[in-house]
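> predicted model, plus sequence, below.
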Number of protein chains: 2
Amino acid sequence: MIRLVVGNPRAYPVVIGQGLNRLVQPNGPRAILYDQAVQGFAEGLADILDISSRLALEGGERAKTLEAYARCLSWLAEEALPRDTTLYVVGGGTLTDLGGFVAASYLRGIEYISFPTTTLAIVDAAVGGKTGLNLPEGKNLVGAFHFPQAVYADLEALHTLPLPLFKEGLVEAFKHGLISGDPTLLSLEPLRPGGAGLEEYLARAVSVKIRVVEADPTEKGERKKLNLGHTLAHALEAATSHQLSHGAAVAYGLLYISLVGRALGGQDLVPIVQRLLAWLEPPPLPELSWERLLPYLARDKKKLGASLSWVVPMSLGDIRIEPVDDKTLKQAYGEFQELINQSGQAAGSRP
Amino acid sequence: MIRLVVGNPRAYPVVIGQGLNRLVQPNGPRAILYDQAVQGFAEGLADILDISSRLALEGGERAKTLEAYARCLSWLAEEALPRDTTLYVVGGGTLTDLGGFVAASYLRGIEYISFPTTTLAIVDAAVGGKTGLNLPEGKNLVGAFHFPQAVYADLEALHTLPLPLFKEGLVEAFKHGLISGDPTLLSLEPLRPGGAGLEEYLARAVSVKIRVVEADPTEKGERKKLNLGHTLAHALEAATSHQLSHGAAVAYGLLYISLVGRALGGQDLVPIVQRLLAWLEPPPLPELSWERLLPYLARDKKKLGASLSWVVPMSLGDIRIEPVDDKTLKQAYGEFQELINQSGQAAGSRP
């Protein structure tokens, strides 16, 4: 068991290990919101914590809607739960995003304790206090910064996680390796659900996120580094109508941005990211011209209300946030298409 | 023009006077959300501030729903307004509560500037950072503490406010007089929309609220004093299916709680509150036995998750928060019924 601590703007522990439910000391009124995909784990936790107010929801993007939000609020109100209630939230990143926003706003804010049950939620969503929902107009357009009382990443919950999802979540951990320069995080091959070394690996990945969000809890600057690989990833997801999973999109986005970094005179990180793609085996990418992607990149730009900056890795641990000229961007995209064609990761290129 | 300042947890000015729209120096992307009842005032403001993104909504409790909330969020998203947007919110307390919560959560928080356009909103809702919505299960069950960048109480906006609403809002100002002991606030008779002395009066009333919320920005204790008169008021509103207006209910609630205070050995504030009722001329109260009110009082109790405390005025400026025994409460209710029967404020008692 490894115990990390986030120190700013609120101090809370992030505990990673097996059988953590026995560590929690429940106290005061409480309720549990969980993803029905981890029903066994969540109901066991609710029994141990003696929680009678329980709500199971479908995970995934359907959890991050105003409809699911309204349902959670009405549930808490019907149960007449008071202001000193603690909400336990158990599930993947979509559930912890929803549950965190419910906790941020029910009775103008109650405490919550998060049990992330996917590698993605452990490494990314559960730490840092970003909570939120999607709107029909776009993702994560509504929410709050609301910091949990504690985060328990119980590796037992990962046993029922499908292997592709297990691997996808680790793409963000790999990204944390590029950001921090911690070489351990770049070596994904040995990791298995329930395997030795997973606890230590996840703790290292979470530590990177903790350091970044401590320096910038409400995303004024430094925290934007966590978007490494995400600018192209968001455009790929949107251009494929979200047929491409987030983990796969980020892996492709990291390959692209490492090509941009190399073109700008940075360290050649391309081979390292190619190893990530070989390990992940993402679904092949449909043929998408640079011109077709541009409107989706511009949409990100409009949202930011400023000129589009890119998060570029100049070397391991040296990440810059800066505008990049159009010619470099387009050339790097050409190289990117060549590389994925060579490696058989473009649709139609496999025999 | 009078300029007050709230100092904690965030510093912001509360300006009270005529023609304040010329004081505002707009800056960066901006949008305006307003109550259609003050369309003339709001559109004039929007023109002066050069705001093209405008949304008019129906005020009143229909503004404080998740449906209205969703509509505001989608509007901001469709207008592609970025994180550095300032939202101008113009209207009564329901609109500023809604607009404040929209600002608290759109893109995880943008700035807002409030233009309260009713006496109630000026004296009560616009200062203190409480924002929120109702749920089908109850009022103000969802929201956030989100503090505005500035509050402009422009008395020109009051010109279109119906006189009964003008008077009702001042019930809360009178309540601030009981809380602070400022005798000026207890003398409502001279006040008229557009009349001399209104600016000074409102500024004194707002000052009381500022002092209380500065001492307790997130309602941990001290701020509960502002609920003076509200425990019975909420029960009266609920028992009459909200046929009784809030201002009238609070006036009755203040009469009742002054009887409780007197019974507990406090100063006799009953004649002072009777003057309030004579001035307000609230609609008569339907016959409601103590036994019929009890479940509604208990509902408040359940919500608080603790034994029901009452906010009791022991003398002008000396407000206590404490449990009161059932016998005293019931006896005071009997006296309350007698008093309103005598004064012709019970339904059916008028000729």
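Right, received. Where do you want to start?

> touching chain B at all, the strand ranked longest in chain A?
For chain A, the longest strand by residue count, based on DSSP state E, is strand A:138-145. Yes: counting by C-beta under 8 Å from any C-beta of the partner chain, chain B has neighbours in strand A:138-145: A:138, A:141-145. Where you see a C-beta, it was placed from the backbone N, CA and C, and this is true even at glycine.

> that strand to strand B:138-145, inter-axis angle?
90 degrees (axes from the mean of the first three to the mean of the last three C-alpha atoms, to 10 degrees).

> pull out the buried positions in strand A:138-145.
A:138, A:141-145 (16 or more other C-beta atoms under 10 Å in any protein chain shown).

> among those, which two are most distant?
Farthest pair in the buried residues of strand A:138-145 (C-beta to C-beta) is A:G138 and A:F145. Separation: 18.7 Å.

> how about the strands in chain A?
A:2-6, A:12-17, A:30-35, A:53-57, A:86-91, A:111-116, A:130-135, A:138-145, A:150-154, A:310-315, A:318-322.

> how is chain A carved up into domains?
A:2-164, A:228-346 (the TED database).

> with pLDDT added, can I get the residues of strand A:138-145 next to chain B in TSV?
Compiled in TSV, the residues of strand A:138-145 next to chain B are given as follows (pLDDT from 0 to 100):
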residue	pLDDT
A:G138	86
A:L141	94
A:V142	97
A:G143	97
A:A144	97
A:F145	95
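
> of those residues, just say which sits nearest to A:L254.
Out of those, the member with the shortest distance to A:L254 (by C-beta to C-beta) is A:G138, at 22.6 Å.

> if I look at the closest one, how far off is A:A238?
9 Å (C-beta to C-beta, to the nearest Å).

> what do you get for A:R223?
For A:R223, the distance to A:A238 - C-beta to C-beta - is 22 Å.

> got the residues of chain A near chain B?
A:29, A:66, A:69-70, A:73-74, A:77-78, A:80-85, A:101, A:104-109, A:130-132, A:135-138, A:141-145, A:218, A:302-306.

> can you tell me which residue is spatially central in chain A?
A:D124 (3.7 Å; C-alpha atoms, centre = their mean).

> return the residues in contact with that residue.
A:D124 makes contact with A:93, A:169, A:172, A:209 under the criterion C-beta atoms under 8 Å, 6 or more residues apart in numbering or on different chains.

> and if we set it to 7 Å?
By C-beta atoms under 7 Å, 6 or more residues apart in numbering or on different chains, the contact set of A:D124 is A:93, A:172, A:209.

> pLDDT score for it?
As predicted, A:D124 sits at a pLDDT of 92.

> that one and A:G132: what is the separation?
If you go by C-beta to C-beta, the gap between A:D124 and A:G132 works out to 13 Å.

> neighbours of A:G60, how many?
14 (other C-beta atoms under 10 Å in any protein chain shown).

> hmm, A:L45 is touching A:I113, no?
No: counting by C-beta atoms under 7 Å, A:L45 sits too far from A:I113 to count as a contact (10.3 Å).

> common neighbours of these two, please.
With C-beta under 7 Å, 6+ apart as the test, A:L45 and A:I113 reach no residue in common.

> for A:L165, which non-adjacent residue is spatially closest?
A:T118 (6.0 Å; C-beta to C-beta, 6 or more residues apart in numbering or on different chains).

> which residues touch A:G60?
A:T94 are the contacts of A:G60 under C-beta under 7 Å, 6+ apart.

> against chain B, how distant is it?
From A:G60 across to chain B, the span is 20 Å (C-beta to the nearest C-beta, to the nearest Å).

> backbone dihedrals for that residue, both of them.
Backbone torsions for A:G60, taken as degrees, to the nearest 10, come to phi 80, psi -170.

> pLDDT at it, what is it?
Looking at A:G60, the pLDDT reads 88.

> kindly report the same for the one 3 residues further on.
As summarised for this prediction, A:A63 has a pLDDT of 96.

> please report how far it lies from B:G317.
A:A63 is 50 Å from B:G317, by C-beta to C-beta.

> which of those two has more neighbours?
Legend: neighbour count by other C-beta under 10 Å for A:A63 and B:G317, higher for A:A63 (25 against 14).

> with adjacent residues omitted, what lies nearest to that one?
Using C-beta to C-beta, 6+ apart, the closest residue to A:A63 is A:T94 (4.3 Å).

> what's near enough to touch the one you found?
Applying C-beta under 7 Å, 6+ apart, the residues near A:T94 are A:59-61, A:63-64.

> how about a cut-off of 10 Å?
Residues in contact with A:T94 (C-beta atoms under 10 Å, 6 or more residues apart in numbering or on different chains) are A:35, A:57-65, A:68, A:118, A:120-121, A:125, A:133-134.

> kindly report the same for A:A103.
A:31, A:33, A:72, A:76, A:85-89, A:109-114, A:131, A:144, A:146, A:148-149.

> quick one: it from chain B, how far?
11 Å.

> got it, and A:L178?
From A:L178 over to chain B (counting by C-beta to the nearest C-beta), the distance is 25 Å.

> quick check, A:A239 in contact with A:R292.
Yes: in this structure A:A239 lies within contact range of A:R292 using C-beta atoms under 10 Å: 6.3 Å.

> quick one, which of the two is more surrounded?
Of the pair A:A239 and A:R292, A:A239 is the one with more neighbours under other C-beta under 10 Å, namely 21 against 12.

> any idea how far that one lies from B:Y201?
From A:A239 over to B:Y201 (counting by C-beta to C-beta), the distance is 60 Å.

> for chain A, which segments count as helices?
A:39-48, A:66-78, A:93-105, A:119-120, A:163-180, A:198-215, A:230-239, A:246-263, A:270-280, A:290-304, A:326-342 (DSSP state H).

> what residue in the stretch 51-200 of chain A comes nearest to chain B?
A:P82 (2.8 Å; C-beta to the nearest C-beta).

> I'd say that residue and A:E111 touch.
No: look at A:P82 against A:E111 with C-beta under 10 Å: they stay out of range, at 11.7 Å.

> any common contacting residues for the two?
Joint contacts of A:P82 and A:E111 (C-beta under 10 Å, 6+ apart) are A:G28.

> what is the neighbour count of A:D182?
17.

> could I get the contacting residues of it?
A:173, A:176, A:204-205, A:207-208, A:316-317.

> swap the cut-off to 6 Å and go again
A:D182 sits next to A:R204 when contact means C-beta atoms under 6 Å, 6 or more residues apart in numbering or on different chains.

> now do the same for it: its pLDDT.
96.

> one more: A:E219?
81.

> do A:R22 as well
86.

> tell me, how many residues neighbour it?
So A:R22, with other C-beta under 10 Å, has 9 neighbours.

> how far away is it from B:E189?
With C-beta to C-beta as the criterion, A:R22 and B:E189 are 67 Å apart.

> which parts of stretch A:176-195 are buried?
A:176-180, A:182, A:185-186, A:188, A:191.

> what is the nearest of those residues to B:W310?
Checking the buried residues of stretch A:176-195 against B:W310 by C-beta to C-beta gives A:H176 as the nearest, at 53.6 Å.

> now the closest residue to that closest one other than its chain neighbours: how far from chain B?
In space, A:H176 comes closest to A:V208 once its chain neighbours are excluded; the distance is 3.8 Å by C-beta to C-beta, 6+ apart. According to C-beta to the nearest C-beta, A:V208 stands 22 Å off from chain B.

> how many neighbours does A:V208 have?
Neighbour count for A:V208, taken as other C-beta under 10 Å: 24.

> cool, and A:R30?
21.

> correct me, but it touches A:I51?
Yes: counting by C-beta atoms under 6 Å, A:R30 sits close enough to A:I51 to count as a contact (5.1 Å).

> residues in contact with stretch A:137-153: which ones?
Contacts of stretch A:137-153 (C-beta under 6 Å, 6+ apart): A:10, A:12-16, A:20, A:100-101, A:104, A:111-116, A:122, A:126, A:129, A:131-133, A:135, A:218, B:73-74, B:77-78, B:105, B:108.
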